[in-house]
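Participant: Provided below are the primary sequence and the corresponding predicted coordinates.
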Amino acid sequence: QLKLRLSTPGLFVANVRTGGFTLEVINKDSDNMVMTGVRIHVGSYSMDKCPQYFEVFGRTIYTNSSQGPRFYDICLTREESIQAEKKFNIFIAQSSDTNHVTVIDDVKVYGKTKEEFQWPDDVDASLLASATTAGALITTTAAAASANGYLHSFRQTNDEKELATLCLPDRLLVYSMQVLISSLSLHHNLDEQNRAKLNSDIVQYTSHMFHMSLPSQIQRSSRQLLKEFFSFISSSDFDYYEHIDRLQLTFLSQCFSSENYLELFNDTDTYEYLLLSLLSITRHRPHNINRFLNITSAQSVDVISKSASMEIFIPYLVNIFFHLLNQRPSNPLLESVDNSSIDVKQIKKLLHILVDIYHSLALNEPQICMNLVVDSYIRLLTYHDYQINFTIKNALNRCMQPKIQRLISKLSTASDLNQQEAVAEKHFHALPL
């Protein structure tokens, strides 16, 4: 079933365990074929669920989520192909998703015949021995990671190569938050007053980091500290996501309440981060948009109604997008070096995210948001750039098409599939239409 999902377009494999997982590739025709490379496709399902890196024969291949869905070709050297005569392992690292979900869309293995590869008649025994040792080492590492998930995530998040790029105060801040995470289990030794003060300090100071321009390592550590804190005081992650949504939407309300809100989102990266944050909320907790989004009018400081807040919020997202488009120079050769404009790939990516946000809002609050979303779609469809029109049509077609799900419990042989289809056709008249 794993092989079928990795080779079928539209299907994927998801892992919910922390610390990543190991994918074992077996060569069933080792007498005639040699494995020479592998191609891994990630990002089609969700960009935030892409693994951070792959590891093959000790080599680490880092992924870049900002480039969108793409293939990663991993070629094997001649020695590695000889070592992988029968099998080899691919370690898939954990994604940066807050729910620890890692998704792989497609894996293809490439090979040659032994004649084309010019397989040696006498294979060095040391190569095969090193392959066995490497496989045992990866298996041992995976077992140790499952037994001690915290240490493995610590090595992933605070890799020495990443920390080496930080200045000394930033590194001290990251290590301090890791110490706080480890000390959460000692809170029961404090009295009630000191425990309440420590809890409020953790939430207050860590929450301030979400709206500051800090390195990604500090942002990840602060999120991890908050999540561990809320999981310690509560049995579920509900309080953590409620707190995160409140922080983000409150800050967004303050930005949209100002008259110069366009200057606050003057670059593509900031706007993309805004859309990705809103996409995560609208997909999983769309009711929090109406709960925590309180935009005040620019003329008065009074908080307006929920429907009036949505009347400001939904068009403002398109206004910022048009503002970024208008910053493009008429001649692409005259583009500024210090302030790069939005390109075609970013336009497609941002429009697909924007349509997903609008679609979720319209389904959650149709009475308030439906007309506003339709007006925003019309503005995008009637824009004078044909690339915008074509991209928004594709995004709308993707959202509007029905989601067809096939639930097959057993996938052993082709005859089993034929029997299941026959049974489904026999009982089709009993299904409600």
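Facilitator: Now that the structure is in, tell me what you want to look at. As the structure is a prediction and not an experimental result, all values here were calculated from the model. Residues are numbered from 1 along each chain as shown.

Participant: all contacts plus neighbour counts: C-alpha atoms, from now on.
Facilitator: Fine.

Participant: got the contact list for the strand or helix carrying Thr391?
Facilitator: In this assignment (DSSP states H and E), Thr391 forms part of helix 386-400. Outside helix 386-400, the residues within contact range by CA atoms under 8 Å, 6 or more residues apart in numbering are 347-348, 351-352, 355-356, 359, 377, 380-383.

Participant: helices of the stretch 251-400 of the chain, start to end?
Facilitator: Along the stretch 251-400 of the chain, the segments classed as helices by DSSP state H, counting those that start in this stretch run 261-264, 268-284, 287-292, 306-326, 344-364, 366-381, 386-400.

Participant: hmm, back to that, give me the buried entries from the contacts of helix 386-400.
Facilitator: The neighbour count (16 or more other CA atoms under 10 Å) marks 347-348, 351-352, 355-356, 359, 377, 380-381 as buried among these.

Participant: hmm, back to that, could I have the CA atoms of the helix holding Thr391 written out in CSV?
Facilitator: Extracted as CSV, the C-alpha positions of helix 386-400 are listed here (Å, rounded to 0.1, in the frame of the first residue of the first chain):
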residue,chain,number,x,y,z
TYR,A,386,-4.0,38.5,-18.1
GLN,A,387,-1.6,36.4,-15.9
ILE,A,388,-3.6,37.4,-12.9
ASN,A,389,-6.9,36.4,-14.6
PHE,A,390,-5.6,33.1,-15.7
THR,A,391,-4.1,32.2,-12.3
ILE,A,392,-7.2,33.2,-10.4
LYS,A,393,-9.4,31.0,-12.8
ASN,A,394,-7.2,28.0,-12.1
ALA,A,395,-7.3,28.6,-8.4
LEU,A,396,-11.1,28.9,-8.4
ASN,A,397,-11.4,25.7,-10.5
ARG,A,398,-9.2,23.9,-8.0
CYS,A,399,-11.3,25.0,-5.1
MET,A,400,-14.7,24.5,-6.7
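
Participant: distance from the chain centre to that helix, please.
Facilitator: Centroid separation between helix 386-400 and its chain, computed with CA atoms, centre = their mean, to the nearest Å, is 22 Å.

Participant: let me know the angle separating that helix from helix 344-364.
Facilitator: 40 degrees (axes from the mean of the first three to the mean of the last three CA atoms, to 10 degrees).

Participant: all further residue positions should be reported with the first residue as 34.
Facilitator: Happy to do that; since the first residue is 34 now, the last one works out to helix 419-433.

Participant: buried residues of helix 419-433, list them for me.
Facilitator: 421-422, 424-426, 428-429.

Participant: adding distance to Phe45 and pLDDT, write those residues out as CSV.
Facilitator: Formatted as CSV, those follow (distance: CA to CA, whole Å; pLDDT from 0 to 100):
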residue, distance to Phe45, pLDDT
Ile421, 29, 89
Asn422, 30, 90
Thr424, 25, 90
Ile425, 25, 91
Lys426, 25, 91
Ala428, 21, 90
Leu429, 23, 91
